[in-house]
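Trainee: Generate coordinates for the sequence data below:
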Amino acid sequence: MIYFLFAAIKAGTPLLLGTTGEIVTEKAGNLNLGVEGMMFLGAFAGFYVGHHTGSVLLALLASCIMGALGALIYAFLTVTLKANQTVSGLALTIFGTGFANFFGQIMIAGTEGGVPKLPDGFMARLAETPIPLLGNIPVVGKLLFSHNPLVYVAVIISVLCFIYIAKTRPGLNMRSVGENPAAADAAGINVTAVKYIHIMLGGAICGLGGAYISLINGGGVWNNNCVNGQGWIAVALVIFASWSPIKAIIGSLVFGAFSVLQFYAPKDIIDIPNAFYVMLPYLITAIVLVISSVKKSKEHTQPAGCSVNYFREER
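Mentor: Just a heads-up that it's a prediction; the model follows:
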């Protein structure tokens with residue numbers, strides 16, 4: 001059981017980052033369905049820079065920058081040009097997926113043996129290492145304090161985003177823009193700047209989630225299509241988490257558990273085809289969407305300004 005929960009935390013980490021990034025974006029009043037694309041951009045940039053420099057810091061920075069650049073494209077289309085948010089997000093997903101797979105294939109072709117691998121020293125710095133003293137606690141030490149560094153980074157980012165959104169004045173301004181941009185504009189808040197900043201911040205966090213997939217989940221080897229739908233699960237998790245980064249931590253753990261269930265299910269008791277376990281996270285995603293659409297609560301709804309472009313002239 002401990003090993004199952006440990007694996008669930010690892011599997012849920014990229015979902016947590018993707019979900020947190022999308023929450024930040026939606027709280028600013030923009031629905032960005034390009035999470036998958038931004039994660040792909042971050043996955044490729046992180047792996048490529050890590051492969052060529054051997055620097056973990058540069059690799060993570062590159063993934064954040066590429067995710068933010070992808071979000072910048074989306075922000076320009078939707079905030080400045082007033083393009084449809086849904087279509088722009090889908091276009092970003094197609095672009096990010098194609099970009100990562102195209103240049104990933106070039107990287108594979110240019111690597112001796114056709115298998116791009118990260119340096120051993122690089123992977124050693126991202127290895128699972130128990131935290132001194134805490135890692136020695138029975139059961140809890142293995143479960144919570146023996147992960148790779150990016151797991152803790154993801155949790156810290158989610159907690160900081162929660163504090164920022166709920167407890168700070170810039171966070172209040174962001175929520176104001178997301179709920180009623182006209183009122184925020186009348187109060188002297190620069191709606192365009194707030195949207196650009198938070199859309200790009202959300203993209204950077206999503207890009208970091210993609211880096212986790214290519215650097216950790218990939219075992220140091222590049223694989224095309226490595227994100228494999230996790231960006232879409234993150235979009236659904238936003239609803240599951242009621243637009244709260246703290247609740248996203250729990251949601252990512254639940255969905256992470258479903259993702260690794262096939263490796264820990266007692267197949268000697270009941271023989272279920274592996275295809276069912278592969279399908280399970282997406283099935284649960286669909287169920288969550290159905291339940292959330294039936295049980296609507298004003299306290300746990302999408303920001304009112306989402307999917308609606310703001311035209312200042314109509315204020």
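
Trainee: wait, N274 sits on Q262?
Mentor: Yes: taking contacts as CB atoms under 8 Å, N274 lies within contact range of Q262: 5.5 Å. Placement of C-beta: from N, CA and C, glycine included.

Trainee: So between these two, which is more surrounded?
Mentor: Counted by other CB atoms under 10 Å, N274 and Q262 do not tie: Q262 has more neighbours, with 16 against 11.

Trainee: Touching, the more buried one and V278? I think so.
Mentor: Yes: contact criterion CB under 8 Å: Q262 and V278 qualify, at 7.0 Å.

Trainee: in the stretch 101-250 of the chain, which spans are helices?
Mentor: 120-125, 140-144, 149-167, 169-179, 181-186, 191-212, 230-240, 245-260 (DSSP state H, counting those that start in this stretch).

Trainee: do you know which of these lies nearest A28?
Mentor: helix 191-212 (3.7 Å; CB to CB).

Trainee: how much does the closest one deviate in direction from helix 169-179?
Mentor: 100 degrees (axes from the mean of the first three to the mean of the last three CA atoms, to 10 degrees).

Trainee: okay, now S307: neighbour count?
Mentor: Neighbour tally, S307, other CB under 10 Å: 17.

Trainee: cool, A193 as well?
Mentor: Count around A193 with other CB under 10 Å applied: 12.

Trainee: So for stretch 74-84, what gets flagged as buried?
Mentor: By neighbour count with 16 or more other CB atoms under 10 Å, stretch 74-84 contains the buried residues 74-75, 77-79.

Trainee: The residues you listed into TSV, with extra columns for distance to I9 and secondary structure?
Mentor: Below are those laid out as TSV (distance: CB to CB, whole Å; DSSP: H, G, I helix; E, B strand; the rest coil):
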residue	distance to I9	secondary structure
Y74	30	helix
A75	32	helix
L77	36	helix
T78	34	helix
V79	36	helix
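
Trainee: Just put the residues you listed in CSV and tack on pLDDT and distance to Y164.
Mentor: Below are those laid out as CSV (pLDDT from 0 to 100; distance: CB to CB, whole Å):
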residue, pLDDT, distance to Y164
Y74, 97, 21
A75, 97, 19
L77, 97, 26
T78, 96, 22
V79, 96, 20
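
Trainee: ok, so of those, who is nearest V191?
Mentor: V191 has its nearest neighbour among those in V79, at 8.5 Å by CB to CB.

Trainee: How much space separates the closest one from T129?
Mentor: 42 Å (CB to CB, to the nearest Å).

Trainee: Could you list the residues in contact with stretch 73-83?
Mentor: Residues outside stretch 73-83 that contact it (CB atoms under 8 Å, 6 or more residues apart in numbering) are 30, 32, 34, 84-85, 88-89, 91-92, 95, 192, 195-196, 199-200, 203, 309, 311.

Trainee: Straight-line length of that stretch, end to end?
Mentor: 11 Å (CA to CA, to the nearest Å).

Trainee: which residues of the stretch 1-150 of the chain score low on pLDDT?
Mentor: Applying pLDDT under 70 to the stretch 1-150 of the chain flags no residue at all.

Trainee: switch to 90 and redo it
Mentor: Applying pLDDT under 90 to the stretch 1-150 of the chain flags the ranges 1-4, 110-115, 129-145.

Trainee: For stretch 19-35, measure first residue to last.
Mentor: 9 Å.

Trainee: and it, how far from the chain's centre?
Mentor: 10 Å (CA atoms, centre = their mean, to the nearest Å).

Trainee: Check which residues of it are buried.
Mentor: For stretch 19-35, by 16+ other CB under 10 Å, it's 19-35.

Trainee: ok, how many other residues are close to F102?
Mentor: Neighbour tally, F102, other CB under 10 Å: 12.

Trainee: do the same with I287
Mentor: Neighbours of I287 (other CB under 10 Å): 11.

Trainee: check which helix or strand covers it.
Mentor: Using DSSP states H and E, I287 falls within helix 274-294.

Trainee: where does the stretch 151-300 of the chain dip in pLDDT?
Mentor: In the stretch 151-300 of the chain, residues with pLDDT under 90: 218-219, 228, 236, 239-240, 242, 254-255, 257-300.

Trainee: rerun at 80
Mentor: Where the stretch 151-300 of the chain drops to pLDDT under 80, the residues are 262-278, 281-282, 285, 288-300.

Trainee: sorry, back to before: so which of the buried residues of stretch 19-35 are in helices?
Mentor: 19-27, 35 (DSSP state H).

Trainee: any chance of these in CSV, plus distance to G42?
Mentor: Formatted as CSV, these follow (distance: CB to CB, whole Å):
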residue, distance to G42
T19, 14
T20, 13
G21, 10
E22, 14
I23, 17
V24, 15
T25, 15
E26, 19
K27, 20
V35, 11
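
Trainee: Most widely separated two among those?
Mentor: Maximum distance among these (CB to CB): 14.5 Å, for K27 and V35.
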